[in-house]
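Q: Give me coordinates for this.
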Amino acid sequence: MSQRRSRRQRKKLRVAEFQELGFLVTAELAVGLGADAKIAACEAFIADCIEANQLTYGGAIDDRLDGFVSPEGNRSSSTEEHRRIVLDWLNGRAEFGAVRVGPLIDAWYGNFAELG
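A: This is a model prediction of the structure:
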């Protein structure tokens, strides 16, 4: 049975026209990087790729990146352009390898095990 929801309910649940999209990203840090170089690479990722493009990143940053990217602000969605920006930035850096950027998925109800 299909459940009919009012516009207010759809907005509150972030479904239908109020769906918010993001994407998964993983990347390995290059073998042989020292601790300071790893920290600098990760800080550059956050500052120059994520924050510079009004995005947010949630997830692990250790010997690898493994997290979810979505835009800053409430009620907004990532685009294919955001995916391309992150992919190109990571691929352009020698500190990162095995870069994978997943497709756009629902930030609230998506399958987050996709790249794992």
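
Q: in this structure, which spans are strands?
A: With DSSP state E as the criterion, the chain has strands at 21-29, 55-61, 64-71, 96-101, 105-106.

Q: Put the alpha carbons of stretch 37-52 into CSV.
A: Taking C-alpha atoms only, stretch 37-52 is exported to CSV below (Å, rounded to 0.1, in the frame of the first residue of the first chain):
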residue,chain,number,x,y,z
ALA,A,37,53.3,14.5,5.5
LYS,A,38,50.1,12.4,6.2
ILE,A,39,48.7,15.2,8.4
ALA,A,40,49.5,17.8,5.8
ALA,A,41,47.9,15.8,3.0
CYS,A,42,44.7,15.3,5.0
GLU,A,43,44.6,18.9,6.1
ALA,A,44,45.0,20.0,2.4
PHE,A,45,42.2,17.7,1.4
ILE,A,46,39.8,19.2,3.9
ALA,A,47,40.9,22.9,3.3
ASP,A,48,41.6,22.9,-0.4
CYS,A,49,39.1,20.3,-1.7
ILE,A,50,36.3,20.1,0.7
GLU,A,51,35.9,23.5,2.4
ALA,A,52,37.0,25.4,-0.7
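
Q: hang on, residue 55 packs against residue 79?
A: No: applying C-beta atoms under 8 Å, one finds residue 55 not in contact with residue 79, separated by 10.6 Å. Placement of C-beta: from N, CA and C, glycine included.

Q: which one of those two has more residues nearby?
A: More neighbours surround residue 55 than the other of residue 55 and residue 79, with 18 against 13 (other C-beta atoms under 10 Å).

Q: surely residue 5 meets residue 11?
A: No: judged on C-beta under 8 Å, residue 5 makes no contact with residue 11 at a distance of 9.4 Å.
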